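Chemist: I would like the atomic coordinates for the input below:
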Amino acid sequence: MQGSKNTFSLAVGFALVALLAWPELAGAQGHLAPLPHPIGFPQRAPDHSEAASANAPASPWTPLANQPNFLVDGSANPILMMDGSVLVQDAGFPDWWKLTPDKFGSYVNGTWTQVASLPPGYSPLYHSSAVLPDGRLIIEGGEYLCDPVTFNCNAVWTNLGAIYEPLVNKWTAVNPPSGWTSIGDAQSVVLPNGTYMQANCCTSQAALLNPKAMTWTPTGKHKFDPNDEEGWNLLPNGKVLAVDAYVPIPPFPYIPTGRNYELYDPKTGDWTVPGTTPVQLWDSWLTCGELSHEPKNGPSFELGPAVLRPDGTVFYTGSNTCPGAAGATAIYNSNTNSWKTGPDFPGTNNISDGPAALEPNGKVLMMASPGDGNSPSTFFEWDGKALTEVSGTPNAPIDGSYFGNMLVLPTGQILLTDFSDDIEIYTPTGGPPRKWAPVLVFSPSFLKGGGSYQVFGFLFNGLSQGAFYGDDVQSATNFPLVRITNLKTGHVRYSRAHDPSTMEVVSNEFNSVWFDVPANQELGFSRLEVVTNGIPSESVIVFITKN
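Modeler: Presented below is the predicted three-dimensional model:
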């Protein structure tokens, strides 16, 4: 466990809250309210001595040189900001911390500073999150609200929310959409036009945010089932993909054999059901013989993450908590609106909530485990043809899949948090083909420290949202960053990017983004790149002058 922290008591207390909450969730006629997600146990810091041994095999995982051992409950919800920094939440607590890469752009050797804490009374665990085009971070809802004094967490599926303004280092409370009594651990997405779309976990409702007026507009009519346990994937055609989980929140029934998928069209604001998946991806305990119209004791209704790849396919991972069973996978082709069956996970692995991320080489990295998030975790890569096991983190033997959150870094590496004070960074092998990179067409040649400028080009928002989980957490990075490297010193700085012309993945438009050069940017000749999802453009030479 984590040194002198009373993490064992905290873990036990959190677990008891989850168990005690369950009986209260039973509704009329055996239907259930939203299922309580297990609370991540704070983990011990791992022993890296074996990995550091000269005789140990090389690992793709590297621990941060400066670990966040100041966290009360461990790291969660890593979010890439548009200035290249990473915000991390102290899981279930109001404090947030910023990881800034070192002067050579290394996140492994980055340093920590504390940023503003959330508004009083809002300390959520498992919630929506997104970086808005203007550079602000919004978080909405929370399955649990935790008390930072008593460490008690209550499953309330809150409708609270807050927005973080990095320029003034301040969180401001956000009112929920009109009539919403819950948001909980719901999903969210930033649509191609930059509008933030929020789900209500406990109904079929969704709403669009006006970020200037901070007002909401209802959307998402004709949703087949509740949003609970489902994830949203932004597709190249601008639509949003969801696979139904059939959580039986009244008035919606439990359909144990259901395999619907749905598409949301931002142009109409409606959901449609184009067809079914070739295999069942949500956990209904169908193969365990649970065929009645009431879920009784068994299904988790969970789904795994789904990742859009550069070829336009979405690799969708499944959940199956039947004893001795493995999760299925399926591949959705967004170009043809068709599905095909993927391989089952080896052994008894599945992903009943868990992270996945797109590597710059096009492979999908994911974290799986047996049952409903039981340990140990096993990491896999999908290359479009096969699932291959890869080395795990030091905490993998004691982690369940739902402990993990992934984030695609501008370096092309994948950052992983797991409710511990050990953050690990995965370094993929191989790079992307040039055609996947942003194309920088125009940049001003002379820049002043403290000045604001605009660059233009193509594919500024990449070919995917990057990292995925589903409901509970989102950490999309389909926005451009501007990176400047001084040619004399090799020092790397990220300008604060903001207001990209689109948030569309695989955009065919002429793109642009504004960026603000730091006032203390090093002077002289430098290389400027646009970076998205860890893939940089070809650089151009710029000259930094005094303000």
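Chemist: where does this structure have low pLDDT?
Modeler: Within the chain, the segments meeting pLDDT under 70 span 1-33, 35, 37, 40-56, 287, 289-298.
Chemist: helices of that one, residue ranges please.
Modeler: 7-21, 49-52 (DSSP state H).
Chemist: gap between Pro236 and Thr203?
Modeler: For Pro236, the distance to Thr203 (CB to CB, to the nearest Å) stands at 29 Å. All C-beta spots, glycine's among them, are computed from the backbone N, C-alpha and C.
Chemist: what's near enough to touch Pro68?
Modeler: Neighbouring residues of Pro68 by CB atoms under 8 Å, 6 or more residues apart in numbering: 75, 88, 97, 112, 421, 423.
Chemist: report the contact partners of Gly105.
Modeler: 410-411, 483, 485, 492.
Chemist: now do 7 Å
Modeler: Applying CB atoms under 7 Å, 6 or more residues apart in numbering, we find Gly105 in contact with 411, 492.
Chemist: okay, now the residue lying closest to Ser401 once chain neighbours are set aside: neighbour count?
Modeler: Leaving aside its sequence neighbours, Ser401 sits nearest to Gly354 (CB to CB, 6 or more residues apart in numbering; 3.2 Å). Neighbourhood size, Gly354 [other CB atoms under 10 Å]: 31.
Chemist: likewise the one 10 residues further on?
Modeler: Counted with other CB under 10 Å, residues neighbouring Val364 total 24.
Chemist: just give the nearest non-adjacent residue to it, would you?
Modeler: Nearest non-adjacent residue to Val364, counting by CB to CB, 6+ apart: Trp382, 4.2 Å away.
Chemist: for Val189, give me its contacts.
Modeler: By CB under 7 Å, 6+ apart, the contact set of Val189 is 197, 232, 234, 240.
Chemist: give me the subset of those lying in strands.
Modeler: Judged by DSSP state E, the contacts of Val189 include 197, 234, 240 as members of strands.
Chemist: out of the residues you listed, which are buried?
Modeler: Among these, the ones that count as buried by 16 or more other CB atoms under 10 Å are 197, 234, 240.
Chemist: the last one bridge partners, please.
Modeler: Looking back up the chat, that one is Val240. On the basis of DSSP bridges, Val240 is bridged to Leu234, Tyr264.
Chemist: what's the answer for the first one, then?
Modeler: Bridge pairing for Met197 (DSSP bridges) gives the partners Val189, Leu208.
Chemist: look up how far Glu529 lies from it.
Modeler: 30 Å.
Chemist: among the contacts of Pro68, which one sits closest to Tyr254?
Modeler: Tyr254 lies nearest to Ser75 out of the contacts of Pro68, by CB to CB, at 35.7 Å.
Chemist: list the buried residues in the longest strand along the chain.
Modeler: Identified as the longest strand of the chain according to DSSP E is strand 524-532. For strand 524-532, burial by neighbour count (16+ other CB under 10 Å) applies to 526-532.
Chemist: want to throw those residues into JSON lines with distance to Ile79?
Modeler: Listed next are the buried residues of strand 524-532 as JSON lines, based on distance: CB to CB, whole Å:
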{"residue": "Ser526", "distance to Ile79": "27"}
{"residue": "Arg527", "distance to Ile79": "26"}
{"residue": "Leu528", "distance to Ile79": "24"}
{"residue": "Glu529", "distance to Ile79": "22"}
{"residue": "Val530", "distance to Ile79": "20"}
{"residue": "Val531", "distance to Ile79": "16"}
{"residue": "Thr532", "distance to Ile79": "16"}
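Chemist: and those, which two are the farthest apart?
Modeler: That would be Ser526 and Thr532, which, of those, are the farthest apart (CB to CB) at 19.6 Å.
Chemist: can you verify my assumption that Gly194 contacts Val131?
Modeler: No. Contact criterion CB atoms under 7 Å: Gly194 and Val131 do not qualify, at 10.9 Å.
Chemist: with neighbour numbers in mind, choose between the two.
Modeler: Neighbours were counted for Gly194 and for Val131 using other CB under 10 Å; Val131 has more, 25 against 17.
Chemist: related to what we said a few turns ago, save the buried ones among the ones in strands among the contacts of Val189 as JSON lines, and put in distance to Val441 too.
Modeler: Output for these, formatted as JSON lines (distance: CB to CB, whole Å):
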{"residue": "Met197", "distance to Val441": "30"}
{"residue": "Leu234", "distance to Val441": "24"}
{"residue": "Val240", "distance to Val441": "29"}
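Chemist: which of the residues you listed lies closest to Trp271?
Modeler: Closest to Trp271, out of all of these and judged by CB to CB, is Val240, at 8.7 Å.
Chemist: what about Pro444, distance to Leu528?
Modeler: 9 Å.
Chemist: Pro236 too?
Modeler: Taken as CB to CB, the span from Pro236 to Leu528 is 27 Å.
Chemist: what do you get for Pro166?
Modeler: Taking CB to CB, one finds Pro166 at 21 Å from Leu528.
Chemist: quick check: bridge partners of the residue nearest to Val364?
Modeler: Applying DSSP bridges, one finds that Trp382 bridges with Val364, Leu387.
Chemist: next, count neighbours for it.
Modeler: 22.
Chemist: check contacts around it.
Modeler: Going by CB under 7 Å, 6+ apart, Trp382 touches 315, 363-364.
Chemist: want to try TSV for those residues, with distance to Pro343 as columns?
Modeler: Shown next, in TSV, are the contacts of Trp382 (distance: CB to CB, whole Å):
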residue	distance to Pro343
Phe315	10
Lys363	14
Val364	13
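Chemist: and which of those residues is nearest to Arg136?
Modeler: If you rank the contacts of Trp382 by distance to Arg136 using CB to CB, Val364 comes first, at 29.0 Å.
Chemist: doesn't Val307 make contact with that closest one?
Modeler: Yes. Here Val364 reaches Val307: they are 4.7 Å apart, a contact under CB under 7 Å.
Chemist: name the residues contacting each of these two.
Modeler: With CB under 7 Å, 6+ apart, Val364 and Val307 have common neighbours 315, 356, 358.
Chemist: of these, closest to Ala368?
Modeler: Using CB to CB, these come closest to Ala368 at Ala356, 9.3 Å.
Chemist: which residues does the closest one contact?
Modeler: With the criterion set at CB under 7 Å, 6+ apart, Ala356 makes contact with 305, 307, 317, 364-366, 406, 468.
Chemist: kindly report the same for Pro60.
Modeler: For Pro60, the contacting residues are 390-391, 426-427, by CB under 7 Å, 6+ apart.
Chemist: can you check Lys103 too?
Modeler: Going by CB under 7 Å, 6+ apart, the list of residues near Lys103 reads 491-492.
Chemist: how close does it get to Thr313?
Modeler: 39 Å.
Chemist: please apply the same query to Ser537.
Modeler: Look at Ser537 and Thr313: by CB to CB, they are 24 Å apart.
Chemist: who has more neighbours, the two?
Modeler: Ser537 (25 against 19).
Chemist: now that one. Its backbone dihedrals?
Modeler: Torsion angles at Ser537 (phi, psi; degrees, to the nearest 10) stand at phi -80, psi 170.
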